[in-house]
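Chemist: A structural model of the following input is requested.
(one chain, ligands or ions: 1)
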Amino acid sequence: MSSLHDVGTAVISARSQWNRTGIRLTAREKYLLTAKGCWVDFFLIHRPPGDPSQFTYMRWFERYRRMPTTNWFALIGTVNCDLSTAFVIGESKEITGIEGELTCFANDVPCMYWNNWGHVELLVEQYAHPG
Ligand SMILES: [Ca+2]
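Modeler: Numbers count the residues shown, from 1 in each chain. Next up, the predicted model:
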């Protein structure tokens, strides 16, 4: 017997600065987000947790990422396309207390989405209420 049920799935494109999932979250509910697949930054393949800089020149640009201290191409979640609400999803993340549409992106420098390829798949499940 599972305490989780599916709320929805979404395809998160590496090329899109904002991926609107159409999945609406409710603050009183608790959710499990899980992501799978690979996406590509120019020629570097990443999984949903992303990766640290693999070349020295990449370190110069880290501070310009939309989440400056988070891995390149980490899967990021936000609410209603509002960067101030951003949190790392990576491969798996439990969330609660969030109200609004789940919107996602690959962590990159804003002007560097043109050389992004591929997508990851995000599954959103909701925990059943205890008792
Ligand atoms: Ca890029």
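
Chemist: off-centre distance for stretch 70-88?
Modeler: Here stretch 70-88 is found 6 Å from its chain centre; the criterion is Cα atoms, centre = their mean, to the nearest Å.

Chemist: what's in contact with it?
Modeler: Contact partners of stretch 70-88, identified using Cβ atoms under 8 Å, 6 or more residues apart in numbering, comprise 12, 14, 18, 20, 25, 33, 35, 39, 41, 44, 46, 48-53, 58, 65-67, 89-91, 93, 95, 98-108, 120, 122. From N, CA and C alone the C-beta is placed, and that goes for glycine too.

Chemist: the residues you listed also near the ion: which ones?
Modeler: 41, 108 (Cβ under 5 Å from the ion).

Chemist: inside strands: which ones of the contacts of stretch 70-88?
Modeler: Of the positions in the contacts of stretch 70-88, 12, 20, 25, 33, 35, 39, 41, 44, 46, 93, 95, 100-106, 120, 122 sit in strands, assigned by DSSP state E.

Chemist: buried ones from these, can you make that a PyMOL selection?
Modeler: Filtering these down to the buried ones (16 or more other Cβ atoms under 10 Å) takes a single PyMOL command:
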select buried, resi 12+25+33+35+39+41+46+93+95+100+102+103+104+105+106+120+122
